[in-house]
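# quick one, fold the following:
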Amino acid sequence: MVKKAGFGGGCHWCTEAVFASLKGIHAVEQGWIASTGQNSAFSEAVVVTYDSTIIDFENLIAIHLYTHSSTSQHSMRGKYRSAIYTFTDADTQPAINALNALAADFDAPVITQVLPFAAFEKSREALLDYYYTNPEKPFCELYINPKLQVLMQRFKGAVNRDKLQHLNRADAQPL
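Purely as a prediction, here's the structure:
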């Protein structure tokens, strides 16, 4: 079954690369998501379209928590809101349940919120698929490669290994 969810927490280049590297992902749209109420301002995020028979929502949430600063209430949280955006009311409680279950795995409280999706603005074309277009860029090597290493170590069954072959090259930047 094809479903959608939004994820925000750090740079959308990083978040896009993480989700684009997984099995069962049909599309990752990078941009800015707004929710409702006090979270109605746009924040960097991605909309992920996925096949829930290949990768489930709970796994996506776990991957999200482990690949961004989900316990850090830093000064950039306005731009990088730590959130899971739900597109249907039926996804809200499972997301809350997954967050509660995973919270025990972390040394500090998880600050990630479950929020209703309200609006999306796509990044400009030149920034889309940033990592896979520019994997040798210093930003990618410094910030995105370590997140992809977490994927390969902690969530290896969910990883589309063909997408991450370049990280195993002998000449790749050490992670």
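
# how about the longest helix seen in the chain: buried residues?
When the chain is parsed with DSSP state H, its longest helix is helix 92-103. The neighbour-count check on helix 92-103 (16 or more other Cβ atoms under 10 Å) flags 95, 98-99, 102 as buried. Heads up, the C-betas are built off the backbone N, CA and C, glycines and all.

# of the residues you listed, closest to Glu29?
Ala95 (18.9 Å; Cβ to Cβ).

# what's the nearest residue to that closest one if we skip its chain neighbours?
With Cβ to Cβ, 6 or more residues apart in numbering as the measure, Val114 is the residue that lies nearest to Ala95, at 4.4 Å, once sequence neighbours are left out.

# hang on, the earlier thing: following the longest helix of the chain, which helix or strand shows up next?
The helix or strand immediately downstream of helix 92-103 is strand 113-116, counting by DSSP states H and E.

# centroid-nearest residue for the chain?
Thr15 (3.9 Å; Cα atoms, centre = their mean).

# can you name the residues that contact that one?
7-9, 30, 44-46, 64, 67-68 (Cβ atoms under 8 Å, 6 or more residues apart in numbering).

# out of those residues, which are inside helices?
Reading helices off those with DSSP H, I get His64.

# how about the buried residues of helix 92-103 in CSV, adding pLDDT and distance to Ala119?
Formatted as CSV, those follow (pLDDT from 0 to 100; distance: Cβ to Cβ, whole Å):
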residue, pLDDT, distance to Ala119
Ala95, 98, 19
Ala98, 97, 24
Leu99, 96, 23
Leu102, 96, 27
